[in-house]
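Chemist: Following is a predicted model, sequence given first.
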Number of protein chains: 2
Amino acid sequence: MASHTVENYLKALFALANKAGEVGISDLSDHLAVSKPSVNSMAKALQQDGFLKYEKYKPLKLTSKGKKVAALVVRKHRLTEMFLVEQMGFGWDEVHDIAEQVEHVKAPAFFDRMDELVGFPTVDPHGSPIPDAHGNVLEIDCVKLSECAVGEKVSLVGLSQSSKSLLSFLDSHGIALGHTFGILVVEPFDGSMTVEHQGAEARTFSLKVCERLLVRKEA
Amino acid sequence: MASHTVENYLKALFALANKAGEVGISDLSDHLAVSKPSVNSMAKALQQDGFLKYEKYKPLKLTSKGKKVAALVVRKHRLTEMFLVEQMGFGWDEVHDIAEQVEHVKAPAFFDRMDELVGFPTVDPHGSPIPDAHGNVLEIDCVKLSECAVGEKVSLVGLSQSSKSLLSFLDSHGIALGHTFGILVVEPFDGSMTVEHQGAEARTFSLKVCERLLVRKEA
DNA sequence: GTCAATTGTTAGAATACACTAACAATGTAG
DNA sequence: CTACATTGTTAGTGTATTCTAACAATTGAC
Ligand SMILES: [Mn+2]
Ligand SMILES: [Mn+2]
Ligand SMILES: [Mn+2]
Ligand SMILES: [Mn+2]
């Protein structure tokens, strides 16, 4: 069984690889708040256990074994978040830190039951896809709101990097997954966008916000 | 914050002290399946952190700080068991091992919510008392069934040492907490008892079983 | 292409937790 | 009181995970 620590390394590696492609020692070091020499020696250890391929000065590459372990931890994380929101009444901005711990529980029945109780969801409360029990992840068809053009109609399907402050921001503006937006203005100067929210009020969001909102274009 | 390991040591110490009074290095060693030298050095470390008083060759004594930490872990364990049974549909024989892991999660809100959702219970699914949020435990007024006499009417309020096999045994005989028994015969030879269960069928249980059933005498 | 910033590596050490082998203290039965 | 069993201790190690200090390789800017 992979330790708590190893699971966190693999999960970080998996997430970074999906975002940035190549993952170096420094990326992991930043992401996990662990020194580079620590990451370096852990990389060697993970290689020994067949979780990744490590060559000096080359980017780290998860093996399929490593990817699978990581995906299954992500699965437990996201099922937990879903359960916390749907069954326990937590807000979507409260669940990540709890899930970060619960994801390491070794009790398949526990997560299977969560899965069942929340109706076998395919995405977590922030719109991120939940890997299946074999560790396969369904990619979601979406683009950043910031990449959309005036006149398009889109609906919010997820967030890239959902920090607590982003979630609070969205909450305070009454924005939730599934909401629709019509793009009214794209400001060339700073990339801010004015959009109509749920067919009603027009709002303006900074580029920083628009880059974090993942949307699907409506027919 | 006490580590996973430290929490398990304190919890074991607390449980053994409540059962046997004096707790030696060997008791802990057996209970935790850890070598005696390991327990010995951990005892010194726990003393350093003020969790217990350790003197060479003397029994280990939890400080009030140690007792409180232990009780709060027990609280999380038992709330979790209750939640697993009441809200997630697990059987009382399935929850201990899961709770053994979940009890180490550091997220007060998580357990507070469980507490709320199961209606602020005072006992866990096996009848053991749940310490309050300050670490105070309410002792339950009960005796072993084996200590009762012919003619007495009692109800099952808890179990001493609820192992999985005991729970399965009780399940297979349709016995649950709250059920009532009338004592018909106490066999002097082997201490086995014949009792009437829920005012109906008469059953005979070995001493081994009767010693594990904690009952309250009915008025 | 050279230089400097970035990135990665090595060496050496610390902490937490565990183990075995050997020995010492304690307690108990006769 | 002695002998043996039980219990506890010490010493020495090992693994997992982390760190800092120092140095080396890579890369990107000019
Ligand atoms: Mn999360
Ligand atoms: Mn985690
Ligand atoms: Mn339990
Ligand atoms: Mn535990």
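Modeler: Ah, there it is. Ligands and ions are numbered 1, 2, ... in the order given.

Chemist: who touches the helix or strand containing residue A:13?
Modeler: Counting by DSSP states H and E, the element that carries residue A:13 is helix A:4-20. Contacting residues not belonging to helix A:4-20 are listed as A:2, A:23, A:27-28, A:31-32, A:39, A:42, A:46, A:49, A:51-52, A:60-62, A:66-67, A:69-71, A:73-74, A:77, A:103-104, A:160 [C-beta atoms under 8 Å, 6 or more residues apart in numbering or on different chains]. For every residue, glycine as well, the C-beta is placed using N, CA and C.

Chemist: quick one, the longest helix along chain A and helix A:4-20 angle?
Modeler: Using DSSP state H to define each element, chain A has its longest helix at helix A:64-86. Per axes from the mean of the first three to the mean of the last three C-alpha atoms, to 10 degrees, the angle that helix A:64-86 makes with helix A:4-20 is 90 degrees.

Chemist: does any part of helix A:64-86 sit near DNA strand D?
Modeler: No - Helix A:64-86 stays clear of DNA strand D (C-beta under 7 Å from any atom of the strand), getting no nearer than 13.0 Å.

Chemist: Name the next helix or strand downstream of that helix, please.
Modeler: Assigned by DSSP H and E, the successor of helix A:64-86 is helix A:95-102.

Chemist: Let's see the pLDDT reported for whatever residue of chain A ends up closest to ligand 2.
Modeler: Using C-beta to the ion, the single residue of chain A nearest to ligand 2 is residue A:100, 4.1 Å away. Turning to residue A:100, the model gives it a pLDDT of 98.

Chemist: that older thread, filter the contacts of helix A:4-20 down to the buried ones.
Modeler: A:2, A:23, A:27-28, A:31-32, A:39, A:42, A:46, A:51-52, A:60-62, A:66-67, A:69-71, A:73-74, A:77, A:103-104 (16 or more other C-beta atoms under 10 Å in any protein chain shown).

Chemist: What about ligand 2: which of these touch it?
Modeler: Among the buried ones among the contacts of helix A:4-20, no residue sits close to ligand 2 (C-beta under 5 Å from the ion).

Chemist: Would you mind naming what in chain A lies close to DNA strand C?
Modeler: Residues of chain A lying close to DNA strand C (C-beta under 7 Å from any atom of the strand) are A:24-27, A:29, A:36-37, A:40-41, A:43, A:56-57, A:59.

Chemist: Just the buried ones out of those, please.
Modeler: Neighbour-count burial (16+ other C-beta under 10 Å) is assigned, among the residues of chain A next to DNA strand C, to A:24-25, A:27, A:29, A:43.

Chemist: Domain boundaries for chain A, per the record?
Modeler: A:4-62, A:143-217 (automatic domain parsing).

Chemist: Pick out the shakiest of the ones you listed, pLDDT-wise.
Modeler: Across the domains of chain A, domain A:143-217 has the smallest mean pLDDT, namely a mean of 93.

Chemist: First-to-last residue distance for it?
Modeler: Start-to-end span of domain A:143-217 (C-alpha to C-alpha, to the nearest Å) is 8 Å.

Chemist: try stretch A:29-40
Modeler: So stretch A:29-40: terminal residues 9 Å apart, C-alpha to C-alpha.

Chemist: is that stretch up against DNA strand D anywhere?
Modeler: Yes - for stretch A:29-40, a contact with DNA strand D is found by C-beta under 7 Å from any atom of the strand, at A:32-35, A:37-38.

Chemist: How far away from the center of its chain is that stretch?
Modeler: Offset of stretch A:29-40 from its chain centre (C-alpha atoms, centre = their mean, to the nearest Å): 20 Å.

Chemist: Can you give the contact residues for that stretch?
Modeler: A:8-9, A:12, A:15-16, A:25-26, A:28, A:42.

Chemist: Determine which two of those residues are furthest apart.
Modeler: A:8 and A:26 (17.0 Å; C-beta to C-beta).

Chemist: what residue lies at the spatial centre of chain A?
Modeler: Geometric centre of chain A, nearest residue: residue A:128, 5.2 Å, by C-alpha atoms, centre = their mean.

Chemist: now the strands for chain A?
Modeler: A:52-53, A:61-62, A:143-144, A:153-159, A:180-186, A:193-197, A:202-205, A:213-217 (DSSP state E).
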